[in-house]
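In: Quick one: sequence and predicted model below, then my questions.
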Amino acid sequence: MGYSELYKKSIEEPEVFWGEIAENLHWFKKWDKVLDSSNPPFYRWFAGAETNICYNAVDRWATGDHAKRSAFIYENPVDEVSTSVSYEDLFKQVNEVAGLYQHLGLKKGDRVIIYLPMSIEACVAALACTRIGLIHSIIFAGFSKESIAVRIDDAKPKLIICADGSKRAGKVTDLKSIINDAVDIASFKVPKVLVVDFKIKSYIPINDRDLDWKTELASCPIKKVDCTSLKSDDPSYILYTSGTTGKPKGALRDTAGYMVALYYSIFSLYGCKDDSVYFATSDIGWVVGHSYTIYGPLIAGLTSIIYDGTPIHGKGGEQNTGIWFETMAKVKADVVFSSPTAFRVLRKYPEENITKHDLSKLRYLFLAGEPLDPPTYNWVKDVLKGIDIVDNYWQTETGWPVLCNPVGVDNLPIKAGSPSFPTWTWNLEVVDEEGNRVNPDVKGFLVAHPPTPPGFMMTVYGDDQRFIDTYWKVIPGKDMYYTGDYAIVDPDGYYYVLGRADEVIKVASHRLGTREIEELLNSHPAVAENMVIGIIDEVKGQAPLVLVVLKEDIVFNDELKKEMRLLIREGIGPIATPKEILNVSRLPKTRSGKVMRRIIKSIAEGKNIGDISTIEDGASVEEVRKAIEPLLK
C-alpha cells in the first residue's frame, strides 16, 4: 500500500492499523482493546496489554546472530574517543544498572532524574529505568540550578544521576556543582545522588548522599534483573517542555503506544533498513534524543550513534565545519536526523568541508526542530547531491513526527518549505480562531482532531487539568488538539508550518508569520541565516525587527541593507518592511540549535531576559544586546 491508502486506513480504522503493526513486537500479555477512547482527551492505546520497552529494545536482540551487532556507537571527535557497545554487552550493562537501582531501594513508579552529557552511560541509565518500571526524567546537561530545582520539586525523584562535568568544544561545565546547588534550593529533598565520574572536573562527595557510579556497580550483588511486565499505560518517562514562561510542563509518556509508534516510524517515515545506522545529532535531553537515539533505533534492532560534540569542532576543539560529515562517513550512517538551524550555520563555511567526505552510504537527511526554509533546503540539496533531504515537523508533546514525507512506504514529490503530509492517525486541519477550516493558502492555526495517535503524551505530569486547558480548550467549544503553531495548507494538501502562533507579527490589521520574512532573506546570496521578531511600533502596533548573519567575507553596509528591504517589500509587500535590519555574527541558540527568540524579544522590549543557561554561547546574547540597544533610546 502507498501513503494515501495507509493514511486513510490509519484515520478510518486506527485500531486495525496499529494492531497489525504491534504484532511485530514482544508482549507479555496482548491487549484487550487497541484504543480506549472512553475518557477523552486521555486516549489510551493497547489497553489491557503488558509489555516492556527495554525488552523490545535490548533483550530480544541480545542473543543469536544479532548479539554482536553494535547497539550504540559513541563518537567524541574533540577528545578523539570512539567506542561501541554490542547488543550483548548492552544487555549486561543495562541489567547491572537496573540491579543497582533495586539495590538502592527504588521501586516501580519511582522517578529518576538523569543529568548527564551525551554518553553510553546516559542511555544505559534510561534503558535500565524502563526495564523495571522507573520513570526517568532526562534534563539537558547545561540547564541552570534554578531550572533543575523546579523539575526536582515537580518530579520528586528518589535518585539523581549526574556527572562530575561535561566538555563541549573544550569548554568545561561543572555539572556536579550545579546539581549540588539545585538540590539545596529545591523544596523536595533528594535522598541519593549517583555520580558518573568522567574525570573532567574534580568534586568532593557529600556524605550520606553521594554515591560513585563505578564503585556502586562493582559492589552491587544484583547483576541480572528480569524485565518488569508493565501495563500499556504505565509511564515510561517525563520530558519537560522548554517553555519560556511559567512552570515547565512535564510531558508524560506511556509504554506501549510510544514503543509501537517509534517502531513503525523508523521504517515507514525514516526509510530505515534492517542494517541501517541511524545518526540523530540532537542531545538526549530533547525529545529527538529520547525517540531516535535511545529508543527508536534499538526497538528496530538498528545501530544508533551517540555524538558528543558540536557541528563545527573536531580534534582538540579546533574548528572543523565538516566534522559531522567526517563522522557520518566513519560510522557509515545511512539515515541522519538534524536541524535546519545547524545547516544554516554550516552554510556560512566552504562547501568542500562537507563534500570532501565519503557520504556514499548516506541515503536520507531529515531536518526538523523549526521550519526548513526553501533557500536552506535548496542549498543542502545542492551540496549533498543525490541524497534525499526530508523536512518533518513534530513536538515534545507528540513524541514522533506529525508531518513527514513517508519515504519508507512512498517517497512522494517534495515541495521545498513543506514537511509534506500528515503521518499515521494525525487527522490535521488548519482553522481560524473559532475553529473553522480555512481555505487553501490561508493562514491559520494547526490543530488535530482526536483520537491522538499512539506515542502522544498521556498528560502533563501531575496536572491533568493543565493538559486539558493548554492543549484542548484553546479554541472554545471545539474538541481539537491545539499545536500552538501557525500554518497553511496548499491546494495539493501540502502543509507549511509558519512558526509558533504567539510569534505571529500583527502589523496594523495584517498577520505576518516570522517564517515568511526569514525565508525571503535566506534567499539573498549574502545571508547565511537570519531571525525575525515583532517589536512594538507606536503606529502599526508591531513591526518586524530583523537580525542577519552574513556569509564569511561579506561586508554589511547601507547598500546591502537596502537590497534586503527591497527584497521583503517586493516579496511580501510594504506592510512587511522591517523597522530595522541589524547585523550580528551569530544568533543566541540553545545547544540543541534552536534560536532563542524569547531572549531577543526580551532585549528588544527592554525586559529581563531570564535564564540563559541553555545558551550555547553567552557572548552572542551580549552582541545582540549591543546591536539592539540604540533602538531603545
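Out: That came in fine, so what should we check first? Numbers count the residues shown, from 1 in each chain.

In: all helices for the stretch 51-200 of the chain, in order.
Out: 53-57, 87-103, 120-132, 145-155, 175-185 (DSSP state H, counting those that start in this stretch).

In: Quickly find the element holding Ile11.
Out: helix 3-12 (DSSP states H and E).

In: By neighbour count, which bits of that helix are buried? Give me those.
Out: Tyr3, Leu6, Tyr7, Lys9, Ser10, Ile11 (16 or more other CB atoms under 10 Å). Using the backbone N, CA and C atoms, a C-beta is placed for each residue, glycine as well.

In: what's near enough to touch the fourth one?
Out: Which is Lys9. Neighbour list for Lys9: Met1, Val16, Phe17 [criterion: CB atoms under 8 Å, 6 or more residues apart in numbering].

In: With the third one instead?
Out: Taking CB under 8 Å, 6+ apart as the contact definition, Tyr7 lies against Phe421, Pro422, Thr423, Trp424.

In: Could I have the buried ones of the contacts of Lys9 as PyMOL selection syntax?
Out: Filtering those down to the buried ones (16+ other CB under 10 Å) takes a single PyMOL command:
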select buried, resi 17
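
In: taking the contacts of Lys9 one by one, which sit in strands?
Out: Assignment to strands by DSSP state E places none of those there.

In: Mind listing the strands the lowest-mean-pLDDT helix or strand in the chain pairs with, and their directions?
Out: Here the helix or strand of the chain ranked lowest by mean pLDDT, DSSP states H and E is strand 510-512, holding a mean of 73. If you go by DSSP bridges, strand 510-512 pairs up with strand 505-507 (antiparallel).

In: Residues touching the partner strand, excluding its own?
Out: Contacts for strand 505-507 (CB under 8 Å, 6+ apart): 511-514, 532-534, 537, 540-544, 575-576.

In: pull the CA atoms of the helix holding Ile11 into PDB?
Out: Coordinates of each C-alpha in helix 3-12 appear next as PDB, following Å, rounded to 0.1, in the frame of the first residue of the first chain:
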ATOM      1  CA  TYR A   3       0.800   6.600   1.500                       C
ATOM      2  CA  SER A   4      -2.800   7.500   0.600                       C
ATOM      3  CA  GLU A   5      -4.200   4.100   1.300                       C
ATOM      4  CA  LEU A   6      -2.200   3.600   4.500                       C
ATOM      5  CA  TYR A   7      -3.000   7.100   5.800                       C
ATOM      6  CA  LYS A   8      -6.700   6.600   5.100                       C
ATOM      7  CA  LYS A   9      -6.700   3.300   6.900                       C
ATOM      8  CA  SER A  10      -4.900   4.900   9.900                       C
ATOM      9  CA  ILE A  11      -7.700   7.500  10.100                       C
ATOM     10  CA  GLU A  12     -10.700   5.300   9.400                       C
END
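
In: re the thing from before, considering the contacts of Tyr7, which possesses the most neighbours?
Out: Thr423 (29 neighbours; other CB atoms under 10 Å).

In: Before we move on, what's the pLDDT of that residue?
Out: We have a pLDDT of 98 for Thr423.

In: how about it, what does it touch?
Out: With the criterion set at CB under 8 Å, 6+ apart, Thr423 makes contact with Tyr7, Ser265, Leu269, Trp400, Pro401, Val402, Leu403, Cys404, Pro406, Pro453.

In: Any of the residues you listed buried? List them.
Out: Tyr7, Ser265, Leu269, Trp400, Pro401, Val402, Leu403, Cys404, Pro406, Pro453.

In: State the pair within the residues you listed that is farthest apart.
Out: Greatest spatial distance in these: Tyr7 and Trp400, 15.1 Å, computed using CB to CB.

In: What are the contacting residues of the least confident helix or strand of the chain?
Out: Lys443, Val504, Ile505, Lys506, Gly534, Pro544, Ile572, Ile575, Ala576.
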